[in-house]
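give me coordinates for this.
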Amino acid sequence: MQIQSEQLAPSAHGFSVIEMMVVVAILGILAMVAIPSSMSKIIKEQVTAALPLADIAKAPIAATWSIAQVMVANNAEADLPSPDKVVSNFISALEIHNGAIHMTFGNKAHPQIKDKILSLRPAVIEESRVVPVAWVCGNAKAPEKMTIKGENRTNIPPEYLPHLCR
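Below you'll find the model as predicted:
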């Protein structure tokens, strides 16, 4: 009887090669799913981190609208240096064109958005100087009863834009 029980007992000395290959395949699939979503998150964070640089251009544009109801034509009219001299970690140029602020991504920005542009455009109520300028980011729509000034040059893919800019 002892010989028969030894012959029937399965040997459990570790994992087979097939079992190991299945585990490696599953890990590979999980990695393939996780990497793109984390890249998208990194790019969105870079776009969001770049937005405060536009604040230096917003004040003179809003002030000029409040005083004269005209839009600042360029960086010089806003007392800012040339576009390639207004930079940050993710922005290689900040240009004002007819009231709109165009930020070009570069420097340490992710390659997916390098040389892409995000526009911030002023939205105003043309009959009223008192109402403050609202800023429309990227492809977003204007607030109700306001008119957007300037051109939208945003060419960043929508999946990389913060929700506010879509």
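
while we're on residue 33, how confident is the model there?
Here, the pLDDT recorded for residue 33 equals 82.

host element of it?
helix 17-50 (DSSP states H and E).

other SSEs contacting that helix?
On a contact count with 3 or more C-beta pairs under 8 Å, 6 or more residues apart in numbering; DSSP states H and E, helix 17-50 meets strand 100-105. Glycine gets a C-beta too; all of them are placed from N, C-alpha and C.

give me the sheet partners of the strand it packs on and which way each runs.
Strand 100-105 has the following strand partners under DSSP bridges: strand 91-97 (antiparallel), strand 117-124 (antiparallel).

quick one: closest of those strands to residue 23.
Of all the strands paired with strand 100-105, strand 117-124 sits nearest to residue 23, with 42.9 Å by C-beta to C-beta.

could you give the angle of the closest one to helix 17-50?
Angle, strand 117-124 to helix 17-50, by axes from the mean of the first three to the mean of the last three C-alpha atoms, to 10 degrees: 40 degrees.

nearest the geometric middle of this structure, what residue?
Taking C-alpha atoms, centre = their mean, the centroid of the chain lies closest to residue 47, which sits 3.1 Å from it.

that residue contacts residue 118, correct?
Yes: counting by C-beta atoms under 8 Å, residue 47 does reach residue 118; the two are 6.5 Å apart.

who touches both of these two?
105, 156, 161, 165 (C-beta atoms under 8 Å, 6 or more residues apart in numbering).

tally of neighbours for the residue nearest to the first one when sequence neighbours are not counted?
Take residue 105 and drop its neighbours on the chain: the residue closest to it by C-beta to C-beta, 6 or more residues apart in numbering is residue 113, 4.6 Å away. Residue 113 sits with 23 neighbouring residues when counted by other C-beta atoms under 10 Å.

one more: residue 105?
Neighbours of residue 105 under the rule other C-beta under 10 Å: 26.
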